[in-house]
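Just the structure for this:
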Amino acid sequence: MIITSTKNDFNQIYEIINDAAAAYKGIIPEDRWHEPYMSATELQDQIDDGVVFWCYVENDVINGVMGIQDKGDVTLIRHAYVRTTARNKGIGGKLLRHLSTLTRKPILIGTWADAAWAIAFYQKHGFRLVSFQEKEELLRKYWSIPLRQIETSVVLSSAS
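Purely as a prediction, here's the structure:
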């Protein structure tokens, strides 16, 4: 079942993000990696900035999370993670399809350039990589991330 998160889900969302983000260790640049991958303060800042998390729940346990953020003329998919023990069961795809129904605006997704599996996942679901120049412009316009992260990231866009 896919439900919108509540304040009571904060700890599980935090746990899932940091559990699942372990897959990026050694993939993303070492200077961008830290533990925990996302601090509780960073997570709260994301929520305060308008990221709304949706949760995939099975037997009262959240096994996947994905955020959506309205940025005016586009919608961002943010922080898409599935619990390590629940991977490869279609949870990410179900969350992405659900969140895609919540907006009529173009959807943008940023991820690490060396995370080939993440890029392939989004492409499998109909997203396309944007050009280098467009990526640079989009990351600067819609995300609040350091220059180093812009340099080592890609952006994918929905067909609409």
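
Which elements pack onto the helix-or-strand element of the chain with minimal mean pLDDT?
Least confident helix or strand of the chain, by mean pLDDT, DSSP states H and E, is helix 147-151 with a mean of 93. Applying 3 or more C-beta pairs under 8 Å, 6 or more residues apart in numbering; DSSP states H and E, we find helix 147-151 packed against helix 132-142. Heads up, the C-betas are built off the backbone N, CA and C, glycines and all.

Which strands or helices does the helix it packs on pack on?
Looks like helix 132-142 contacts strand 107-112, helix 147-151, strand 153-157 (3+ C-beta pairs under 8 Å, 6+ apart).

outside of it, which residues touch it?
Residues outside helix 132-142 that contact it (C-beta atoms under 8 Å, 6 or more residues apart in numbering): 71, 74, 76, 108, 110, 130, 145, 149-150, 153-155.

Just the buried residues out of those residues, in ChimeraX syntax.
Buried subset of these, written as a ChimeraX selection, criterion 16 or more other C-beta atoms under 10 Å:
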select :74,76,108,110,130,149,150,153,154,155
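
Could I get the contacts of helix 132-142 in JSON lines, plus columns for distance to Asn63?
Shown next, in JSON lines, are these (distance: C-beta to C-beta, whole Å):
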{"residue": "Lys71", "distance to Asn63": "27"}
{"residue": "Val74", "distance to Asn63": "28"}
{"residue": "Leu76", "distance to Asn63": "22"}
{"residue": "Leu108", "distance to Asn63": "25"}
{"residue": "Gly110", "distance to Asn63": "23"}
{"residue": "Val130", "distance to Asn63": "30"}
{"residue": "Ile145", "distance to Asn63": "27"}
{"residue": "Gln149", "distance to Asn63": "27"}
{"residue": "Ile150", "distance to Asn63": "31"}
{"residue": "Ser153", "distance to Asn63": "26"}
{"residue": "Val154", "distance to Asn63": "26"}
{"residue": "Val155", "distance to Asn63": "27"}
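
Which two of the contacts of helix 132-142 have the greatest separation?
Val74 and Gln149 (18.6 Å; C-beta to C-beta).

So which residues of the chain form helices?
Here the chain has its helices, by DSSP state H, at 10-20, 40-48, 91-100, 116-124, 132-142, 147-151.

Any chance of those helices in a markdown table with distance to Met1 as columns?
Below are those laid out as a markdown table (distance: least, C-beta to C-beta, whole Å):
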| stretch | distance to Met1 |
| --- | --- |
| helix 10-20 | 14 |
| helix 40-48 | 21 |
| helix 91-100 | 10 |
| helix 116-124 | 21 |
| helix 132-142 | 30 |
| helix 147-151 | 33 |
